[in-house]
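K.L.:
Just a sequence and a predicted model for now, questions to come.
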Amino acid sequence: MFLTLIVSDSALTRYQLAAAGAIILEWNVHSETKGGAGMWDSYVRLGGTAGSELQLSQCPTTDIGNRQCFAAFLAVYLTRHSSAYFEGTWIWLADHDFETLYANRTSIYSGRGLLSESHGPVWLIGTGSEHHVIVNYNLAGAANHYIGLPQTESPYYQPNPL
């Protein structure tokens, strides 16, 4: 899996992991100022790019349920005591390979996109969570959330490997 975190315009950090049970980003931040803990214009991308080892050559659509193509357990987790302001944040499980000429489809898997157990406040504005096999957005025991202009897309090509 390839996780790209853009910290600022000049700082780019990439992590490559083989971690089917991983929680990619756990958000523990809490701010007393409303909207004081935030992330915007960011993405969490699982696979589909050079160096990720989750590309067409490793995870073709003909190889359904390959354990080596299980990218993560959960992409983003907002913990119970966190607060968050996310704007323009995209949580994407790659359904195609950016490195092939025609962006060929792949079979990469992640069970969950965003899980929030936060008691807030949480603002999710213009966020997206796509292609996760079980759920894209999940609010479990959560409170004080505002979700505006969410975008989601089912795993329309990746069959459920479970």
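P.N.:
Structure received.

K.L.:
okay, CA-based contacts and neighbour counts for the rest of this
P.N.:
Will do.

K.L.:
what about the strands in this structure?
P.N.:
For the chain, the strands defined by DSSP state E cover 2-8, 11-16, 23-27, 38-46, 70-78, 84-93, 109-116, 122-125, 128-130, 135-139, 145-148, 151-153.

K.L.:
now these in CSV, with mean neighbour count, distance to Leu56 and mean pLDDT?
P.N.:
Shown next, in CSV, are the strands of the chain (neighbours: other Cα atoms under 10 Å; distance: least, Cα to Cα, whole Å; pLDDT from 0 to 100):
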stretch, mean neighbour count, distance to Leu56, mean pLDDT
strand 2-8, 15, 14, 40
strand 11-16, 11, 17, 46
strand 23-27, 17, 22, 96
strand 38-46, 18, 13, 93
strand 70-78, 23, 14, 95
strand 84-93, 22, 14, 96
strand 109-116, 25, 13, 95
strand 122-125, 21, 32, 98
strand 128-130, 23, 18, 96
strand 135-139, 19, 23, 96
strand 145-148, 14, 34, 98
strand 151-153, 15, 20, 93
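
K.L.:
now the ones you listed as CSV including distance to Glu53?
P.N.:
Formatted as CSV, those follow (distance: least, Cα to Cα, whole Å):
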stretch, distance to Glu53
strand 2-8, 8
strand 11-16, 8
strand 23-27, 16
strand 38-46, 10
strand 70-78, 10
strand 84-93, 14
strand 109-116, 13
strand 122-125, 30
strand 128-130, 20
strand 135-139, 23
strand 145-148, 33
strand 151-153, 23
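
K.L.:
so Asn144 touches Val122, yeah?
P.N.:
Yes: the pair Asn144 and Val122 passes the contact test of Cα atoms under 8 Å, sitting 6.4 Å apart.
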